[in-house]
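Colleague: Just need the structure, nothing else, for what follows:
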Amino acid sequence: MSAAINADQATDRNISASLLLNAAHALDHLVLLIFAAAVGAIAADFGFARWEDLMPYTAGAFFAFGLGSLPAGRLGDTWGRRSMMLVFFFGIGAALLLVALTQNAVQMAVALTLVGVFAAIYHPVGIPMLVQGSARPGRTIGINGLAGNLGIALAALLTGLLVKYLGWRAAFVAPALLAFLLGFLFARVAPEESAPPARRAPSRGELPPGVVARALAVITVAATSASLIFNFTTNGNGEMLRQRMQAVIADPAALGLLLAIVYTIASFAQLIVGRLIDRFPIKRLMLSIVALQVPLFAVAAYAQGWTFFVLAILFMAFVFGAIPFTDALVVRYVDDRMRSRAAGMRLAISFSISSIAVYLLGPLVKASGFAFLLLTMAAIATLTLAAAAWLPGLHKH
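Modeller: Next comes the predicted model:
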């Protein structure tokens, strides 16, 4: 009887820890997009005439978000994923409070970079921790992806409301307090690790090194181009929607709500794709999802008003729908003992290179407009498609 009770308690703790890991994914994406959602108010407060001129100051956060994945992944495997997640929660909370205290653009850039350092921990540590031992990794990754993208939707909605009623600084303080709360809860419920992943026994037979190397190379190229699109869209959609919908809606809170609707609806694509990954050949699925991005971006480049709003939902659904593939392929090809390090290497390359999207977003839109940006994303999606075509054929996941 006692053994059964202990087993039930362990199961409850694992479920609670999984819920908090999904909440952490939402938090991770939320904090990285607060600045983009509040950039207009921050630019006015800091004396900038145009929001585009302030946008490059956030590039450090996204560069650190990518480069920091490498040491974070290594520490996750060699020191422990539970310990690294605690560093994530409390570190990101402290960094957000520093952002709220900044008084000029240089201070903002430094504080946002620190946010990026701690935000870098989640993907190479939290996702491998979540999928270790999962019988249906595609479903698990899909649910986790949905949680992350709901964080993006919440960033648009929450930041719009807080900026309007309490000011832009409150938009950073509120998620800081949430991070501290989640950290305390995670410390209470997450089971202690018997040993770091790197010291555990192999979970399955090794795949041929050549197959693994090819898969990781293709995943890295595809992930880099996909990350460029992700950063261009999630950081630019707010101002893009404002411009394309200005004849219909001008209220910032209403625009924030519309953007939240776009992200919320589109986010469910990850849940659907995650389930499909467990049932159908992953290469064929990935090619289909990425291929549909190209015409959607091209048509959206010339759309206005409510037509653009509908197209934004569609192209974001396929942008989000492409996200589960890279994590699912890492699970397929890499043993759990080194998944954090493999994910860290892939993320360091793809996120660091894709941080250029955040740096170029303001100047690019200022010089050429949003139509050119959307056509650029159509071209990048074509590159993702070419990379995906080189994936080794898989029968399932």
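
Colleague: going forward, measure contacts between C-alpha atoms and count neighbours the same way
Modeller: Will do.

Colleague: so how many other residues sit close to Phe230?
Modeller: Around Phe230 there are 21 other residues, counting by other C-alpha atoms under 10 Å.

Colleague: Next: Ala187.
Modeller: Under the neighbour criterion other C-alpha under 10 Å, Ala187 is assigned a count of 16.

Colleague: Then Ala371?
Modeller: Counted with other C-alpha under 10 Å, the neighbours of Ala371 add up to 18.

Colleague: Distance of the closest residue to it other than its chain neighbours relative to Thr307?
Modeller: Leaving aside its sequence neighbours, Ala371 sits nearest to Ala301 (C-alpha to C-alpha, 6 or more residues apart in numbering; 4.3 Å). Going from Ala301 to Thr307 by C-alpha to C-alpha, to the nearest Å gives 11 Å.

Colleague: And for Ala266?
Modeller: Going from Ala266 to Thr307 by C-alpha to C-alpha gives 16 Å.

Colleague: which of the two has more neighbours?
Modeller: The neighbour count for Ala266 versus Thr307, taken as other C-alpha under 10 Å, is higher for Ala266 (25 against 13).

Colleague: residues touching that one, list them.
Modeller: Ala266 makes contacts with Ile313, Leu314, Met316, Ala317, Phe318, Phe320, as judged by C-alpha atoms under 8 Å, 6 or more residues apart in numbering.

Colleague: rerun at 10 Å
Modeller: Shown in contact with Ala266 (C-alpha atoms under 10 Å, 6 or more residues apart in numbering): 146, 149-150, 153, 260, 312-321.

Colleague: what's the burial count for Ile353?
Modeller: By other C-alpha under 10 Å, the residues close to Ile353 number 18.

Colleague: State the helix or strand in which it lies.
Modeller: Applying DSSP states H and E as the criterion places Ile353 in helix 339-368.

Colleague: Tell me which other helices or strands that helix touches.
Modeller: Applying 3 or more C-alpha pairs under 10 Å, 6 or more residues apart in numbering; DSSP states H and E, one finds that helix 339-368 contacts helix 51-54, helix 59-67, helix 69-78, helix 122-131, helix 209-244, helix 324-333, helix 370-388.

Colleague: between it and helix 209-244, how big is the angle?
Modeller: Helix 339-368 and helix 209-244 meet at an angle of 30 degrees, taking axes from the mean of the first three to the mean of the last three C-alpha atoms, to 10 degrees as the criterion.

Colleague: Taking helix 122-131 as reference, get the angle to helix 339-368.
Modeller: Using the same axes, to 10 degrees: helix 339-368 against helix 122-131 is 140 degrees.

Colleague: can you tell me which residues contact Ile380?
Modeller: Ile380 neighbours (C-alpha under 10 Å, 6+ apart): Ala222, Thr224, Ser225, Ala226, Ser227, Leu228, Ile229, Gln293, Val294, Leu374, Ala386.

Colleague: Which of the helices and strands packed on helix 339-368 sits closest to Phe172?
Modeller: Closest of the helices and strands packed on helix 339-368 to Phe172 is helix 59-67, at 14.4 Å (criterion: C-alpha to C-alpha).

Colleague: That closest one: how far from the chain's middle?
Modeller: Chain-centre distance of helix 59-67: 13 Å, with C-alpha atoms, centre = their mean, to the nearest Å.

Colleague: helices and strands around it, which ones?
Modeller: Packing partners of helix 59-67 (3+ C-alpha pairs under 10 Å, 6+ apart): helix 2-45, helix 105-119, helix 122-131, helix 339-368.

Colleague: between that helix and helix 339-368, how many degrees?
Modeller: Helix 59-67 and helix 339-368 meet at an angle of 150 degrees, taking the same axes, to 10 degrees as the criterion.

Colleague: Now tell me what touches helix 59-67 from outside.
Modeller: Taking C-alpha under 10 Å, 6+ apart as the rule, helix 59-67 contacts 32, 68, 109-123, 231, 344-361.

Colleague: cool, stretch 42-53 as well?
Modeller: 35-36, 38-41, 54-55, 102-105, 108, 163, 167-169, 239, 359-366.

Colleague: Which of those residues are buried, as a PyMOL select command?
Modeller: With 16 or more other C-alpha atoms under 10 Å as the criterion, this PyMOL line picks the buried residues out of those:
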select buried, resi 35+36+38+39+40+41+54+55+102+105+108+163+167+168+169+239+359+360+361+362+363+365
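
Colleague: wouldn't Ala322 be in contact with Ile277 here?
Modeller: No - counting by C-alpha atoms under 10 Å, Ala322 sits too far from Ile277 to count as a contact (11.1 Å).

Colleague: Spit out the residues that contact the two alike.
Modeller: Listed as contacting both Ala322 and Ile277 by C-alpha under 10 Å, 6+ apart are Leu285, Met286.
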